[in-house]
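Novice: coords below, sequence missing:
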């Protein structure tokens, strides 16, 4: 059997170029990877113009959290550290949305010591 579709990186769009420049400049306090496939697609697109070693260097200098085991496995394969999971939140959890050109996440709880995101 032959595959019906093949994923092909599109290259660097103006938005991705802006993202890569911000990543290079250490402009992000935190990156959140929601999926392993998304992490791999991001790096594949960046690799059309930037070396993998340079991309990995940028990621290794950035604080990163993940939403589950799949993006964690991808980052581990790349030898990129991720922040540990926060402790479960007890009691009432407030929910707000945070959106930007690059991400949309739901913040489930904010205390003085931790942020829990979904």
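Specialist: Nice, thanks for sending it over. Fair warning: this is a prediction, and the values are worked out from it, not measured in the lab.
Novice: Okay, helices next: where are they in this structure?
Specialist: Counting by DSSP state H, the chain has helices at residues 14-24, 36-46, 52-60, 69-77.
Novice: ok, now how distant is the closest residue to residue 36 other than its chain neighbours from residue 37?
Specialist: Taking Cβ to Cβ, 6 or more residues apart in numbering, and ignoring the residues beside it in sequence, residue 36 has residue 70 as its nearest neighbour in space, at 3.6 Å. Using the backbone N, CA and C atoms, a C-beta is placed for each residue, glycine as well. When distance is defined by Cβ to Cβ, to the nearest Å, residue 70 is 8 Å away from residue 37.
Novice: Also residue 66?
Specialist: To residue 37, residue 66 is 13 Å away according to Cβ to Cβ.
Novice: again, but for residue 23
Specialist: Distance, residue 23 to residue 37, by Cβ to Cβ: 19 Å.
Novice: more crowded one of the two?
Specialist: Between residue 23 and residue 37, counted using other Cβ atoms under 10 Å, the more crowded position is residue 23 (19 against 12).
Novice: my guess is the more buried one meets residue 57, correct?
Specialist: No. Proximity of residue 23 to residue 57 does not meet the contact threshold set by Cβ atoms under 8 Å, at 10.1 Å.
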